[in-house]
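**Student:** sequence and predicted structure below; questions after.
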Amino acid sequence: MKLTLKIWRQKNCKEKGKFVTYAADNVDPEMSMLECLDVLNESLIERGEEPVAFEHDCREGICGSCGFMINGVAHGPERATTVCQLTMRHFKDGEALVIEPWRALAFPLIKDLVVDRGAFDHIIEAGGYISVSTGHAPDGNTLLVGKDTADQAMDAASCIGCGACVAACPNASAALFTGAKIAHLGTLPQGAPERDRRALRMVAQMNAEAFGNCTSIGECTGVCPKEIKLGVIASMNRDYLCASWKKREDTPVDIVPVVEMTAKG
Amino acid sequence: MARTAEGLETAIHKIRALREEYWQNVTVPGSGDDLNQSLEKAGRVADFFELAELMCIDARDRNESCGGHFREEYQTPDGEAQRDDQNYSYVAAWSYRGPDAPPELIKEALEFQYVHPSQRSYK
């Protein structure tokens, strides 16, 4: 099949970008969207031009590296897929595809289709870490978790942090991402002790980054390759509200590993 | 998979020729000033040449058969791996000494307290 690809080309964040039109004449319907770009890039390199920069890693929809807009829709027209899982048979022969990077103030452009999603990392970091040795894994039956709770946590945990939710949101809000992370850790009993603190800190970090606010539009969940439910935002708001209401100003103390006492003390 | 000293020697020569050709003729689009994914890939290929050569050098140096390393010259009459724990009971760590100098072998001894390596037959 033949396609026309209008791709956003931008050398770096300082120079201006523009759409460049490429003819993709030999597209196999079984190719993924990324393989289509691979083939285009091969031909660009042979012509002595710079290939289109785009992020990719696992190519099976679990790493969260890839992602760009196709005809204005994050990850393209198919539901619950990343661009690496999107096969070309979903497009019509002769179709023109407009391909551009995630557009959000919090995601500054690095090159072509590659943006800096470091703001997501900052939110994750704000959630805190466990850095204390807890010994052997406890017996699974000592801490019972109901199936519905486990499923809820697992659904939230399936967020791959690709950034499609932010790119799709007219406000460029990171509420779905942050909500997924907060719900994933706070739902389970193991994450319960830090539940309040985590919600307060991650929401504060989300607000500090250049994201907009959530106005419950729901485009985020529509484009999410992992179909994270809008409910995680409600869950985040609940955790944040409860934590603020309890006025727990329990600024966490840095946890240092316990050093075994020597014979001398 | 089986290896011979002669085969490994051929491989080393071929890898060196390919590596030389790579450094003379490689085409990398773009520059090093911005993000350049082609440059990243080229760097990985350069690493693979070094790794491939070292794997062959190490395999040629280990004159025994042991585990996944099967040298055709070192086999028992019924075709099993012929170990030589007298001379090769060590982990080989190689120190890089530049592109033209041969790497230096640093032997890290293996000590077995309870289970000792022995000749086995899976027949």
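**Tutor:** Looks like it arrived, so ask away. Numbering: from 1, shown residues only, chains lettered A, B, ... in the order given.
**Student:** could you use CA atoms for every contact and neighbour count after this?
**Tutor:** Noted.
**Student:** so the closest residue to residue A:41 other than its chain neighbours, which state does it fall into?
**Tutor:** Closest residue to residue A:41 apart from its sequence neighbours, by Cα to Cα, 6 or more residues apart in numbering or on different chains: residue A:51 at 4.7 Å. Assigned with DSSP: H, G, I helix; E, B strand; the rest coil, residue A:51 falls in the coil class.
**Student:** for the one 5 residues further on, same thing?
**Tutor:** Three-state call for residue A:56 (three-state DSSP): coil.
**Student:** do the one 5 residues further on as well
**Tutor:** Applying three-state DSSP to residue A:61 yields a three-state assignment of coil.
**Student:** what's it in contact with, if anything?
**Tutor:** Counting by Cα atoms under 8 Å, 6 or more residues apart in numbering or on different chains, residue A:61 touches A:81-82, A:84-85, A:225.
**Student:** mind doing that once more with 7 Å?
**Tutor:** Going by Cα atoms under 7 Å, 6 or more residues apart in numbering or on different chains, residue A:61 touches A:81-82, A:84-85.
**Student:** for chain B, what spans make up the strands?
**Tutor:** Ranges of strands within chain B are B:90-95, B:104-109, based on DSSP state E.
**Student:** nearest to residue A:211, out of those strands?
**Tutor:** strand B:90-95 (48.9 Å; Cα to Cα).
**Student:** for the closest one, buried residues please.
**Tutor:** For strand B:90-95, a neighbour-count test (16 or more other Cα atoms under 10 Å in any protein chain shown) marks residue B:92 as buried.
**Student:** list the neighbouring strands of that strand plus their orientation.
**Tutor:** Strands that pair with strand B:90-95, judged by DSSP bridges, come out as strand B:104-109 (antiparallel).
**Student:** nearest residue to residue A:7 in space, please, no chain neighbours.
**Tutor:** residue A:99 is the one closest to residue A:7 (Cα to Cα, 6+ apart), at 4.8 Å.
**Student:** gap between that neighbour and residue A:113?
**Tutor:** With distances taken as Cα to Cα, to the nearest Å, residue A:99 is found 8 Å from residue A:113.
**Student:** so what's in contact with those two at the same time?
**Tutor:** Counting by Cα under 7 Å, 6+ apart, the common neighbours of residue A:99 and residue A:113 are A:8, A:68.
**Student:** leaving out chain neighbours, which residue sits closest to residue A:212?
**Tutor:** With sequence-adjacent residues excluded and distances taken as Cα to Cα, 6+ apart, residue A:212 is closest to residue A:173, at 4.4 Å.
**Student:** tell me the pLDDT of residue 22.
**Tutor:** By default, I'm working from chain A. Looking at residue A:22, its pLDDT stands at 98.
**Student:** nope, chain B
**Tutor:** pLDDT for residue B:22: 97.
**Student:** considering the contacts of residue A:61, which possesses the most neighbours?
**Tutor:** Of all those, the highest neighbour tally under other Cα atoms under 10 Å in any protein chain shown goes to residue A:82, namely 30 neighbours.
**Student:** wait, doesn't that residue sit right on residue A:224?
**Tutor:** No. At 8.4 Å, residue A:82 does not count as touching residue A:224 under the criterion of Cα atoms under 7 Å.
**Student:** any idea how far the nearest residue to residue B:107 once chain neighbours are set aside lies from chain A?
**Tutor:** Nearest residue to residue B:107 in three dimensions, chain neighbours excluded: residue B:92, at 5.1 Å (Cα to Cα, 6+ apart). For residue B:92, the distance to chain A equals 32 Å [Cα to the nearest Cα, to the nearest Å].
**Student:** quick revisit: make TSV out of the contacts of residue A:61 and add pLDDT, secondary structure and distance to residue A:208.
**Tutor:** Supplementary listing: the contacts of residue A:61 in TSV, determined by pLDDT from 0 to 100; DSSP: H, G, I helix; E, B strand; the rest coil; distance: Cα to Cα, whole Å:
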residue	pLDDT	secondary structure	distance to residue A:208
A:81	97	coil	30
A:82	98	coil	28
A:84	97	coil	31
A:85	97	coil	33
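**Student:** and after whichever strand or helix holds residue A:182, which helix or strand comes next?
**Tutor:** Assigned by DSSP states H and E, residue A:182 falls within helix A:175-186. With elements assigned by DSSP H and E, the helix or strand that comes after helix A:175-186 is helix A:195-208.
**Student:** which helices and strands sit right next to that following helix?
**Tutor:** When contacts are defined as 3 or more Cα pairs under 7 Å, 6 or more residues apart in numbering or on different chains; DSSP states H and E, helix A:195-208 packs onto helix A:118-126, helix A:231-245.
**Student:** out of those, which comes closest to chain B?
**Tutor:** Closest to chain B of those, according to Cα to the nearest Cα: helix A:118-126, at 15.7 Å.
**Student:** for that closest one, what is the average pLDDT?
**Tutor:** 96.
**Student:** please state the offset of it from the chain centre?
**Tutor:** 11 Å (Cα atoms, centre = their mean, to the nearest Å).
**Student:** now for the residue nearest to residue A:212: which residues touch it?
**Tutor:** So residue A:173 contacts A:166, A:211-214 (Cα under 7 Å, 6+ apart).
**Student:** out of these, which sit inside helices?
**Tutor:** Cross-referencing those against helices under DSSP state H gives residue A:166.
**Student:** most neighbours out of the contacts of residue A:173, which is it?
**Tutor:** In terms of neighbours by other Cα under 10 Å, the contacts of residue A:173 top out with residue A:166 at 27 neighbours.
**Student:** which residues touch that residue?
**Tutor:** A:172-174, A:220.
**Student:** how far away is the residue most central in space within chain B from residue A:3?
**Tutor:** Geometric centre of chain B, nearest residue: residue B:55, 0.9 Å, by Cα atoms, centre = their mean. Per Cα to Cα, residue B:55 is found 45 Å from residue A:3.
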